[in-house]
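> Provided below are the primary sequence and the corresponding predicted coordinates.
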Amino acid sequence: MPGLTCNACNTEFKDDTEQKLHYKPEWHRYNLKRKVAGVPGVTEALFLARQSVLAQEKNKLGETPMLYCCGLCGKDYKSSKAHAEHLKSRGHMMRASEGTSQADEKAIACGLCGKDYKSSKAHAEHLKSRGHMMRASEGTSHADEKAIVKPLPQRVVNRPPPRREVKRDYMCLYCNDRCYPFSSLEAVRKHMEAKSHCKVHYGDGDDDEEVELDEFYDYSSSYVDDQGKQLVASCDASNNVELAGRGSELIITTKSGERSSTKTLGSREFLRYYRQKPRPSLANMAITAALASRYRSMGLTTIQSREKIVRMKVLKEMNRSGVDNMRTKMAMKSNVIRNLPKNVPY
């Protein structure tokens, strides 16, 4: 039967069977959608070519991407061309000649504020600064301060041990298991700064807690002889400790080279005062106090007193009552009464 055509695909057919078979494949359905959208149809060859391209792209998305990494510099590349260009770069060649890897220069992150430091020494100094004041337990002597501060960032950031880890379990270094875990990292950071808990719990805790910190402490200075005297020679050149008394306090000065550190030990009589943890003062409190005193000297008040507020309310009420009395007096004098009902014409 001549004259059998498909208007969507622009194809002619010899008989009804060929026309019915044409309606089944995806090519005809695709052209029907294009006809509805007002776009001309495509040939079967072009349709098959597009399908093959889409299949190849889908296979590429499903495959695992190949990564080319440089172990010396610690960088990853998605293509071999970019990796080859990196191998020819000046930075890679200089690092290869020096023999240093990126793993040795990996930055150390502070678990209390998140800042990165290039060396463990700089990070240890940061932990002992006024911002964190990370220190050992009070009332004890330790052999090497840097040795005990150095593992702290690893315990805060890395895996072992779990209870010393702030970023995973959100636990305070000092409270440990004695308090509930915190909900977020910012919460445990604020707790440690507000409670002055930027220190390790040693000296008054359990034996299991102190096992991992025993290697950093040295009690040789507390050794005594049979008569109860301390085994420290006063004429020894290695003795860099000086003791001084001031009332109920003992001042200990330790000298190491050109530096000297001073610690003050108080009496147990004032233990309740030493245990107080005042809130950290803000940096702008001194500026605010200076501005307030300047305003007071100029006759300006920053905050109104309670007595002044009450006095202003009384004066306002008196003024209001005086105005009402004056209006009533003038109305009576003019024979005008404003409080009459609306149905009264006079």
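It's in.

> low pLDDT regions in the stretch 201-346 of the chain?
Filtered on pLDDT under 70, the stretch 201-346 of the chain yields the residue ranges 202-241, 243, 245-246, 279-283, 300-304, 336-341, 344-346.

> hmm, 80 instead?
201-248, 256-258, 277-286, 288, 295-306, 308, 327-328, 331-346 (pLDDT under 80).

> just so I have it, where are all the helices in the chain?
16-22, 26-36, 44-62, 80-87, 90-98, 120-127, 145-149, 151-157, 166-169, 185-194, 207-210, 271-274, 285-297, 306-333 (DSSP state H).

> Mind listing what's buried along the last one?
Okay, so that is helix 306-333. Neighbour counts over helix 306-333 (16 or more other Cβ atoms under 10 Å) mark no residue as buried. For the C-beta atoms, the positions are set from N, CA and C on the backbone; glycine is no exception.

> what about the closest residue to Ser80 other than its chain neighbours, distance to Arg29?
Among residues not flanking Ser80 along the chain, Tyr68 sits closest, at 5.8 Å (Cβ to Cβ, 6 or more residues apart in numbering). For Tyr68, the distance to Arg29 equals 43 Å [Cβ to Cβ, to the nearest Å].

> hang on, the earlier thing: tell me which of the helices of the chain lies nearest to Leu4.
In terms of Cβ to Cβ, the element of those nearest to Leu4 is helix 16-22, at 5.1 Å.

> buried set for the closest one?
19, 22.

> by contact count, what packs against that helix?
In terms of contact count using 3 or more Cβ pairs under 8 Å, 6 or more residues apart in numbering; DSSP states H and E, helix 16-22 is assigned the packing partners strand 4-6, strand 11-13.

> Point out the most buried one among those.
Greatest average neighbour count among the helices and strands packed on helix 16-22 goes to strand 11-13 (a mean of 16), per mean count of other Cβ atoms under 10 Å.

> Mean confidence (pLDDT) on that one, please.
When pLDDT is averaged over strand 11-13, the result is 86.

> I'd like the helices of the chain written out as CSV, with distance to Cys110 added.
Formatted as CSV, these follow (distance: least, Cβ to Cβ, whole Å):
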stretch, distance to Cys110
helix 16-22, 71
helix 26-36, 59
helix 44-62, 40
helix 80-87, 31
helix 90-98, 26
helix 120-127, 6
helix 145-149, 12
helix 151-157, 6
helix 166-169, 10
helix 185-194, 10
helix 207-210, 23
helix 271-274, 28
helix 285-297, 26
helix 306-333, 46
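
> With respect to Gly111, which of these lies nearest?
Of all these, helix 151-157 comes closest under Cβ to Cβ, at 2.8 Å.

> dump the residue contacts of Ala96.
By Cβ atoms under 8 Å, 6 or more residues apart in numbering, the contact list for Ala96 reads Leu72.

> pLDDT wise, what is it at?
82.

> so how far is Asp76 from it?
18 Å.

> what do you get for Glu57?
23 Å.

> what's the domain layout of this protein?
4-62, 68-98, 107-220, 238-276, 304-346 (automatic domain parsing).

> Just name the most buried of those domains.
domain 107-220 (a mean of 15).

> okay, and for the stretch 51-200 of the chain, where does confidence drop off?
In the stretch 51-200 of the chain, residues with pLDDT under 80: 60-68, 71-74, 78, 98-171, 173-181, 196-200.

> Quickly note the distance from Lys190 to Glu307.
If you measure Lys190 against Glu307 using Cβ to Cβ, the figure is 38 Å.

> Likewise for Arg259?
Going from Arg259 to Glu307 by Cβ to Cβ gives 55 Å.

> cool, His191 as well?
Note on His191: its distance to Glu307, by Cβ to Cβ, is 41 Å.

> mind checking how far the spatially closest residue to Thr262 that is not a sequence neighbour is from Glu125?
Sequence neighbours aside, Thr253 is the residue nearest to Thr262 in space, at 5.0 Å (criterion: Cβ to Cβ, 6+ apart). Look at Thr253 and Glu125: by Cβ to Cβ, they are 21 Å apart.

> One more: Arg275?
As defined by Cβ to Cβ, Arg275 lies at a distance of 28 Å from Glu125.

> Over to Glu193?
Distance from Glu193 to Glu125, by Cβ to Cβ: 18 Å.

> same question, Asp16
91 Å.

> next one: Glu57
Glu57 is 54 Å from Glu125, by Cβ to Cβ.

> on that earlier part again, do you know which of the helices and strands packed on helix 16-22 lies nearest Met326?
Of all the helices and strands packed on helix 16-22, it is strand 4-6 that lies closest to Met326, at 99.4 Å by Cβ to Cβ.

> In the sheet, which strands lie alongside the closest one, parallel or antiparallel?
strand 11-13 (antiparallel) (DSSP bridges).
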